[in-house]
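**Student:** coordinates only, sequence not included:
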């Protein structure tokens, strides 16, 4: 499969360039997309991967790429025969596929419950509330409408995330960092940066813990450099 | 923990009543909620569970229940010390916690990629597009807005789900039924029933395969009976 004009960039987990023709993970992204979340996840994972940058517009809607993601959107991952789309799904897939990275908790534990709960909360009600607030979509002010919508309001989403952190835990599942922090944490980080999520006690400290991680720093640097070079 | 007025109902996976005081799984639901999805998952799982029905309104917003789900919504699961909310997360948690039920594919496989991809697609863009169509929220008709929203349109969501089934697969991950069919399938089933999702080739056959499953039949009967008795 070839993407005319797509930039290809072979990188190991340490962020250094190098030819890795045997790389099993192919990462389709654009540095101005939710692909930044998956880049961070890949850097946390520590597996080699190959980046293919797709421009918005025709390149993302080409037949070759639509065969990978019929929605014509990035990010997407290929891992051998496996194809994953949706940023949260990419994080969950990688964490489960590479247990040695320690980014997914043991199934059947309270940590796994928190992991699943907050991943789907962020991908579902969280994302919907933030997006709808951006477009000024407001639900009718009655409980039935809020029930139907699956999220209370942007304020309720911020409250729920704050309640998650309120017991003093460092990370989503407790003491240990996991893929849920990459995804849920990105929502809090982006929400603070873009002003799209109301601030709450605990968000600043949590954000600081996350942005200081070496993998998060590497991911930012890689995508910022791609933005600069494609701008 | 007690819920004044909450109906408690001990059931085994075969749908028969029976005292199961040692039941490890407690299922908080309302028969008119997304809890119906989780009921189906529990019936597929084959583990005993205890049902606690919560009425909409004050009971769902009681301090006792808010300690379990700060969003004050059902469904929620307690499994020992683990607490899970969000219907999709409940399905994913249970499938991973009880691997002997064979409802979650092996990590790192193409089946696992499809599983994660479509679970998060349904919980994220799928749910958002259906809900927003219900409330007549329409995105501005430009690619940037659609990119920001994370879903193209209700038509694009239906197209993506149809494309998933278009290779002739019986289930989300291929030949084998999984928890992804409970969750993604419920979205298609409800979409057809409520007219909230445009129809596509393949939906009717898929829906028929799902509704005929003994666990799906049992789940419907249990929740319909609860609705009748509480109405």
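**Tutor:** It's in. Small disclaimer: the values here were computed from a predicted structure and weren't measured. Numbers count the residues shown, from 1 in each chain, chains lettered A, B, ... in the order given.

**Student:** Next up, phi/psi of the residue nearest the centre of chain A, please.
**Tutor:** Residue closest to the mean C-alpha point of chain A, counted by Cα atoms, centre = their mean, is residue A:37 at 3.3 Å. Backbone torsions for residue A:37, taken as degrees, to the nearest 10, come to phi -60, psi -50.

**Student:** How confident was the prediction at the residue sitting furthest away from the middle of chain A?
**Tutor:** Note on chain A: the largest C-alpha distance from the chain mean falls to residue A:142, namely 31.9 Å (Cα atoms, centre = their mean). Looking at residue A:142, its pLDDT reads 72.

**Student:** and the gap between it and residue B:56?
**Tutor:** Between residue A:142 and residue B:56 the distance, using Cβ to Cβ, to the nearest Å, works out to 12 Å. Glycine gets a C-beta too; all of them are placed from N, C-alpha and C.

**Student:** Also residue A:94?
**Tutor:** 38 Å.

**Student:** ditto for residue A:95
**Tutor:** The value you get for residue A:95 to residue B:56, if Cβ to Cβ is used, is 35 Å.

**Student:** Mind telling me what element residue A:89 is part of?
**Tutor:** Element membership for residue A:89, per DSSP states H and E: helix A:87-97.

**Student:** next one: the helix or strand just after that helix to chain centre, how far?
**Tutor:** Reading on from helix A:87-97 to the C-terminus, the next helix or strand found by DSSP H and E is helix A:110-121. Put simply, helix A:110-121 sits 15 Å off its chain's centre (Cα atoms, centre = their mean, to the nearest Å).

**Student:** and after helix A:110-121, which helix or strand comes next?
**Tutor:** Assignment by DSSP H and E places the next element after helix A:110-121 at helix A:127-134.

**Student:** which secondary structure elements does that following helix contact?
**Tutor:** helix A:154-165, helix A:179-194, helix B:127-134, helix B:143-149 (3 or more Cβ pairs under 8 Å, 6 or more residues apart in numbering or on different chains; DSSP states H and E).

**Student:** where among these is the average confidence lowest?
**Tutor:** Across the helices and strands packed on helix A:127-134, helix B:143-149 gives the lowest mean pLDDT, at a mean of 66.

**Student:** quick revisit: looking at residue A:95 and residue B:56, which is more packed in?
**Tutor:** More neighbours surround residue A:95 than the other of residue A:95 and residue B:56, with 26 against 16 (other Cβ atoms under 10 Å in any protein chain shown).

**Student:** Go ahead and confirm that one touches residue A:104.
**Tutor:** Yes. Residue A:95 is within contact range of residue A:104, at 3.7 Å (criterion: Cβ atoms under 8 Å).

**Student:** Now for these two: what residues contact both?
**Tutor:** Residues touching both residue A:95 and residue A:104 (Cβ atoms under 8 Å, 6 or more residues apart in numbering or on different chains): A:178, A:179.

**Student:** Tell me how far the residue nearest to the centre of chain A lies from residue B:64.
**Tutor:** 35 Å.

**Student:** about what we covered before: need the helices and strands packed on helix A:127-134 in a markdown table (columns: mean neighbour count and distance to residue A:83).
**Tutor:** Output for these, formatted as a markdown table (neighbours: other Cβ atoms under 10 Å in any protein chain shown; distance: least, Cβ to Cβ, whole Å):
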| stretch | mean neighbour count | distance to residue A:83 |
| --- | --- | --- |
| helix A:154-165 | 19 | 30 |
| helix A:179-194 | 23 | 18 |
| helix B:127-134 | 22 | 21 |
| helix B:143-149 | 16 | 20 |
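
**Student:** now the ones you listed in CSV, with distance to residue B:99?
**Tutor:** Formatted as CSV, the helices and strands packed on helix A:127-134 follow (distance: least, Cβ to Cβ, whole Å):
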stretch, distance to residue B:99
helix A:154-165, 27
helix A:179-194, 19
helix B:127-134, 27
helix B:143-149, 36
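
**Student:** Read off the pLDDT value for residue A:44.
**Tutor:** So residue A:44 comes in at 98 (pLDDT).

**Student:** actually residue A:150, sorry about that
**Tutor:** In this prediction, residue A:150 has a pLDDT value of 63.

**Student:** How is chain A partitioned into domains?
**Tutor:** Domain assignment for chain A by automatic domain parsing gives A:7-101, A:110-215.

**Student:** Next, count neighbours for the spatially closest residue to residue A:32 that is not a sequence neighbour.
**Tutor:** Leaving out its chain neighbours, the residue that sits closest to residue A:32 by Cβ to Cβ, 6 or more residues apart in numbering or on different chains is residue A:227, at 6.4 Å. Summarising burial for residue A:227: neighbours were counted as other Cβ under 10 Å, giving 14.

**Student:** Give me the angle between the host helix or strand of residue A:227 and helix A:179-194.
**Tutor:** For residue A:227, the element it lies in under DSSP H and E is helix A:214-230. Using axes from the mean of the first three to the mean of the last three Cα atoms, to 10 degrees, one finds that helix A:214-230 and helix A:179-194 are set 50 degrees apart in direction.

**Student:** ok, residue A:121 to chain B distance?
**Tutor:** As for residue A:121, its distance to chain B is 5 Å (criterion: Cβ to the nearest Cβ, to the nearest Å).

**Student:** who are the neighbours in contact with that residue?
**Tutor:** A:160, A:184, B:85, B:86, B:89 are the contacts of residue A:121 under Cβ under 8 Å, 6+ apart.

**Student:** Repeat that for residue A:70.
**Tutor:** Contacts of residue A:70 (Cβ under 8 Å, 6+ apart): B:159, B:160, B:163.

**Student:** just checking, the second one touches residue A:71?
**Tutor:** When you say that, I think you mean residue B:160. Yes. Between residue B:160 and residue A:71 a contact is recorded at 5.5 Å, counting by Cβ under 8 Å.
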